[in-house]
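1. my questions are about this predicted structure, shown below with the sequence.
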Amino acid sequence: MSDDAQPLPDCLTPGLYLVATPIGNLGDITMRAVDILSRCDGVACEDTRITGKLLKHLGLSKPMWRYDDHSEQRDRRRLVESMRNRAVALVSDAGTPMISDPGFRLVNDCRLEGIPVTSIPGACAAVVGLTLSGLPNDRFLFAGFLPAKEKARRETLEELAATDATLVFYETGPRLLKSLKALGEVMPERELAVARELTKLHEECRRGMSDGLMAYYGANPPKGEIVLLVGPPQEQVPSDADADAMLRTALETMKTSQAAAHVSKATGLDRKTLYARAMAMKSE
């Protein structure tokens, strides 16, 4: 047997293990996540009832400690101290810990105290929604949940409106229409996508503009948590008049070929077409 094939030890090295869990389909749990959950000394989780169901599905029984937004600093300190001689797995109710949940405080404290931290990757609703939507994903910004209050929600969207990237938000069913309305007012020209029931039987990803999506979800109120995506700003193709004006300005100081190349680079328009237009201008 090669060294790579040696059996794993029964006990994990003490420290914190960030374990991604399924966001819907239980089949999405990874083999590594199951291994960590089976060998850890206990599990820190948002809701012991939800995590308990997952552990039962996996045939596991582990001590569980609640850790969520309402956990006090002294609870976090006790948990960190316990990791000096225990392996603790941190899970969220669904998906990857640390993504829009309070786990970052725990990780930060562990790093300050020299406690080892290991991340076990897996399902993440933001990534699933992004890849499913078909919107550009070479550059994206995850911005968590939009504020619940109208004024704060609008201010957040206005701040992000100039971002040249696909925006990814988490949203709830009852607040979806309000967010779609705000997006239609602040970013009316940008395409949207609503991804819900991800990895489940009735998975849905619907794309469109704000008005169309509001009409659909007004008639079909969604439930549960949602990934709300906003496509990047559309590139504005300059009109013929704009291109001609740019060419005339460039021709004042450049040769015809240079002017065509300069305007082509600035606008994305075809250089040969611009060259022909520039030649026509010079013969007028």
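-> Thanks, I have the structure now. The structure presented is a predicted model; accordingly, all values stated were derived computationally and were not measured. Numbers count the residues shown, from 1 in each chain.
2. pretty sure A143 sits in a strand.
-> Yes. A143: assigned to a strand according to DSSP: H, G, I helix; E, B strand; the rest coil.
3. what's the burial count for it?
-> For A143, the neighbour count with other C-beta atoms under 10 Å is 19. The way it works is simple: take the backbone N, C-alpha and C, and place the C-beta from them, glycine included.
4. so for it, what pLDDT did the model give?
-> With respect to pLDDT, A143 scores 96.
5. go ahead and confirm it touches L157.
-> No. With contact defined as C-beta atoms under 8 Å, A143 does not reach L157; the gap is 9.5 Å.
6. A helix includes L228, no?
-> No. Per three-state DSSP, L228 lies outside any helix segment and is strand.
7. next up, the contacts around it.
-> For L228, the contact set (C-beta atoms under 8 Å, 6 or more residues apart in numbering) comprises L146, V168, F169, Y170, E171, L176, S179, L180, L192, A193, V194, A195.
8. any idea which element the fourth one lies in?
-> Just to be clear, that refers to Y170. Using DSSP states H and E, Y170 sits in strand 166-172.
9. on contacts alone, who are the packing partners of that strand?
-> helix 125-133, strand 140-145, strand 225-230 (3 or more C-beta pairs under 8 Å, 6 or more residues apart in numbering; DSSP states H and E).
10. looking at the ones you listed, which is nearest to L12?
-> Judged by C-beta to C-beta, the one of the helices and strands packed on strand 166-172 that comes nearest to L12 is helix 125-133, at 26.4 Å.
11. in that closest one, which residues are buried?
-> A125, A126, V127, V128, G129, L130, L132, S133 (16 or more other C-beta atoms under 10 Å).
12. any chance of the residues you listed in TSV, with pLDDT and distance to I29 too?
-> Shown next, in TSV, are these (pLDDT from 0 to 100; distance: C-beta to C-beta, whole Å):
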residue	pLDDT	distance to I29
A125	96	15
A126	97	18
V127	97	16
V128	97	15
G129	97	19
L130	97	21
L132	97	20
S133	97	24
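13. surely L141 touches T163?
-> Yes. L141 is within contact range of T163, at 5.7 Å (criterion: C-beta under 8 Å).
14. could you report the neighbour count for the nearest residue to L26 once chain neighbours are set aside?
-> Spatial nearest neighbour of L26, chain neighbours left out: H57 (5.8 Å); criterion: C-beta to C-beta, 6 or more residues apart in numbering. Using other C-beta under 10 Å, the number of residues around H57 comes to 11.
15. any idea of the pLDDT on H57?
-> 96.
16. let the chain start at 13 from now.
-> In the new numbering, first residue 13, that becomes H69.
17. looking at it, it is touching G39, isn't it?
-> No. Using C-beta under 8 Å, H69 makes no contact with G39, being 10.4 Å away.
18. can you pull out the strands in the stretch 113-262 of the chain?
-> Taking DSSP state E, counting those that start in this stretch as the criterion, the stretch 113-262 of the chain carries its strands at 129-132, 152-157, 178-184, 204-208, 216-220, 237-242.
19. rewinding a little: in JSON lines: the buried residues of helix 137-145, plus distance to P233.
-> Formatted as JSON lines, the buried residues of helix 137-145 follow (distance: C-beta to C-beta, whole Å):
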{"residue": "A137", "distance to P233": "20"}
{"residue": "A138", "distance to P233": "23"}
{"residue": "V139", "distance to P233": "26"}
{"residue": "V140", "distance to P233": "22"}
{"residue": "G141", "distance to P233": "19"}
{"residue": "L142", "distance to P233": "24"}
{"residue": "L144", "distance to P233": "21"}
{"residue": "S145", "distance to P233": "21"}
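20. and those, which two are the farthest apart?
-> A137 and S145 (12.1 Å).
21. overlap of the contact sets of these two?
-> A207.
22. would you check how far apart the closest residue to F181 other than its chain neighbours and P200 are?
-> Nearest residue to F181 in three dimensions, chain neighbours excluded: L240, at 4.5 Å (C-beta to C-beta, 6+ apart). According to C-beta to C-beta, to the nearest Å, L240 and P200 sit 16 Å apart.
23. can you get me a residue count around R260?
-> Neighbour tally, R260, other C-beta under 10 Å: 12.
24. in contact with the spatially closest residue to it that is not a sequence neighbour, which residues?
-> Residue nearest to R260 in three dimensions, not counting chain neighbours: M293, with 6.5 Å by C-beta to C-beta, 6+ apart. When contacts are counted by C-beta under 8 Å, 6+ apart, M293 touches D256, L259, R260, L263.
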